[in-house]
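**Q** here is a sequence together with a model predicted from it:
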Amino acid sequence: MTCQRAQSLQIIHVRKDDHSFSLDEKALESILLAEPVRDLNVMVLSVAGAFRKGKSFLLDFLLRFMYKQKTGSTVNWMGRDDKPLTGFSWRGGSEPDTNGIQMWTEVFIVPTSYGTKVYNLTNNIQEDDLQHLQLFTEYGRLALDEMSLKPFQTLLFLVRDWSFPYEFPYGLEGGNHFLEKRLQVKAHQHEELQLVRKHIRACFNKIHCFVLPHPGLKVATNPTFDGKLKDIEGEFKVHLKNLVELLLSPQNMVEKEVGGSKLSCRNLLEYFKAYIKIFQGDDLPHPRSILEATAEANNRSAITLAKEYYHNAMEQMCGGDKPYMAPSKLRERHFVYRETAVEKFGSMKKMGGSRMSERYQQQLEADMDEMLESYLKFNRSKNFFSIVRTPAAMLLVIIIMQLVSGFLGLLGLGFLTVFFNFIIGITILSLMTWMYIKYTGQSPLMGEIIDAVSDWILGLFSRLIIGRYMNMHQATMMAGLATRRN
Ligand code: GDP
Ligand code: MG
């Protein structure tokens, strides 16, 4: 990097026609994979915000400081009064000069490194500004899996052209007081306003605010202004100096961390690649109402996918072409599929944080429970055979018991018939109860129990009879085989 002249390089491009983003991997690799820096821990100082608000202008002062620091001292780093400001391209006028993301090609090696994000604003911190920040942090969170950690480190709100120094004086202290007031959560605030504030606080380890005075009319309105210090208001320069030193002095440096671990230049490249994928998705939301709408859409599509899974699994088990199955078995499988569906929902990436996804999860669970009811009903309707099964099983029991007790009477063991008559009595009682339940639809659980017991009896009977027959048949076959072998 040092042999070439350092310059700003565009690493993320924005296509104007469809607002899509693309990453220039080659350009980024040429910066981050350069031999001397690729494995060093990295700090990213980024300045973000709307266009024409003096971001590039500020970055050029930061560069001045870094280049002076390379010489070993930062005394008088602001330099001569009549030297034009160079570095990141900037200019007056109302059209944007730079877009996408620009990166300086020279990576500065310093004893310790740092990581601050500067959110560049003008005049005030508006509700819109907070919402855009929230959207930005949500994208950041999507790219990271460790949702529990604060994904970002230090955030500095930089408010340019501050016009209320009599309320909150210029600089960091005044700015912090102002910010404190702006980010206060009050009970009477609309829920949306409260949420934005809580969200922003939750995303950053430290949040500061710096308020800068107006730089003077030459800077703001003169088309021939080229960044000479002598054309900039004295008060602005004092605070700009403080700001740059605050951002870049080694004692204020924090190494860039993602999810709690430090990043090297090489890792940073990977993160860029991961982030750009999110921005290249087809469903990138457009500003405003933005977050809420996107988060809801995310959750809804996650619900749809989870329900689709549940529906398919249930259809395979008890769909239209499947035979009747015991309701208890159906319920049991429902709980297994329901749990898997909830797990699937949970593992899908969604915006809006855990509170929103909990709400949607409850809805998903309620929907699946409702679906279960219709599966049960449908299953019952297939149940003509089971209607015959239960009385058939009972009649079978009654007949067998009658036969056994008659047989015992013949053998002169009439006193034992009491026991069999008792079973017959119970069976008749159950049959009557069952008929009452089927007729009135009352206490379906009791009905299911009787059905289950009847199923069991029929199963036992068929195993005994059919199983015996099969065994005999098998034995004959074996005997046949054995004779043939001899
Ligand atoms: P960017 O689009 O945010 O990168 O803005 P630039 O750095 O290109 O600056 C846009 C214009 O704003 C230039 O004409 C600068 O001279 C001017 N400018 C720079 N800093 C300030 C400031 O603090 N206040 C005002 N009002 N104008 C500024
Ligand atoms: Mg710019």
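**A** Structure received. Ligands and ions are numbered 1, 2, ... in the order given.

**Q** now do residue 17: how many residues are near it, please.
**A** Counted with other CB atoms under 10 Å, the neighbours of residue 17 add up to 5. C-betas here are computed from N, CA, C, even on glycine.

**Q** backbone torsions only: list them for the residue lying closest to residue 184 once chain neighbours are set aside.
**A** Once its chain neighbours are removed from consideration, residue 184 has its nearest residue in residue 197; the separation is 7.5 Å (CB to CB, 6 or more residues apart in numbering). As for residue 197, its main-chain torsions (degrees, to the nearest 10) stand at phi -70, psi -50.

**Q** and for residue 156?
**A** Reported as degrees, to the nearest 10, the phi and psi values for residue 156 are phi -120, psi 120.

**Q** again with residue 108
**A** phi -90, psi 130.

**Q** so it sits right up against residue 68, yeah?
**A** No - no contact is recorded between residue 108 and residue 68 when judged using CB atoms under 8 Å, the distance being 11.2 Å.

**Q** most distant residue from the middle of the protein?
**A** Using CA atoms, centre = their mean, the residue of the chain lying farthest from its centre is residue 412. It sits 78.5 Å away.

**Q** ramachandran angles for it?
**A** Residue torsions, per degrees, to the nearest 10, at residue 412 are phi 80, psi 20.

**Q** in the stretch 351-486 of the chain, what residue lies closest to ligand 1?
**A** Taking CB to the nearest ligand atom, ligand 1 has its nearest neighbour within the stretch 351-486 of the chain at residue 351, 27.2 Å off.

**Q** who in the stretch 151-300 of the chain is up against ligand 1?
**A** With CB under 6 Å from any ligand atom as the criterion, the stretch 151-300 of the chain meets ligand 1 at residues 160, 161, 212, 214, 215, 219, 220, 225.

**Q** can you tell me which residues contact the second one?
**A** I take that to be residue 161. The neighbours of residue 161, taking CB atoms under 8 Å, 6 or more residues apart in numbering as the test, are 122, 123, 212, 213, 214, 215.

**Q** got a markdown table for those, with distance to ligand 2, secondary structure and neighbour count too?
**A** Compiled in a markdown table, the contacts of residue 161 are given as follows (distance: CB to the ion, whole Å; DSSP: H, G, I helix; E, B strand; the rest coil; neighbours: other CB atoms under 10 Å):
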| residue | distance to ligand 2 | secondary structure | neighbour count |
| --- | --- | --- | --- |
| 122 | 14 | strand | 18 |
| 123 | 18 | coil | 14 |
| 212 | 17 | coil | 23 |
| 213 | 21 | coil | 20 |
| 214 | 19 | coil | 16 |
| 215 | 15 | coil | 21 |
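
**Q** ok, these vs ligand 1, which is closest?
**A** The shortest distance between ligand 1 and any of the contacts of residue 161, using CB to the nearest ligand atom, involves residue 215 and amounts to 4.5 Å.

**Q** would the residue of the stretch 351-486 of the chain closest to ligand 1 count as being in a helix?
**A** No - following the definition DSSP: H, G, I helix; E, B strand; the rest coil, residue 351 is coil and is not counted among the residues of a helix.

**Q** residue 65 versus that one, what's the distance?
**A** Using CB to CB, to the nearest Å, one obtains 37 Å as the distance from residue 351 to residue 65.

**Q** what about those two, which has more around it?
**A** Remark: of residue 351 and residue 65, residue 351 carries more neighbours, 23 against 20, as counted by other CB under 10 Å.

**Q** what sits closest to the more buried one if chain neighbours are left out?
**A** Excluding the flanking residues, the one nearest residue 351 by CB to CB, 6+ apart is residue 295, at 4.0 Å.

**Q** for the helix or strand hosting the one you found, packing partners?
**A** When secondary structure is defined by DSSP states H and E, residue 295 falls within helix 290-318. Applying 3 or more CB pairs under 8 Å, 6 or more residues apart in numbering; DSSP states H and E, one finds that helix 290-318 makes contact with helix 127-143, helix 327-347, helix 353-381.

**Q** need these in CSV with mean pLDDT, can you?
**A** Written out in CSV, the entries for the helices and strands packed on helix 290-318 read as follows (pLDDT from 0 to 100):
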stretch, mean pLDDT
helix 127-143, 69
helix 327-347, 93
helix 353-381, 89
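
**Q** any idea which of these is most buried?
**A** Between these, helix 127-143 has the highest mean count of neighbours, a mean of 18, where neighbours are mean count of other CB atoms under 10 Å.
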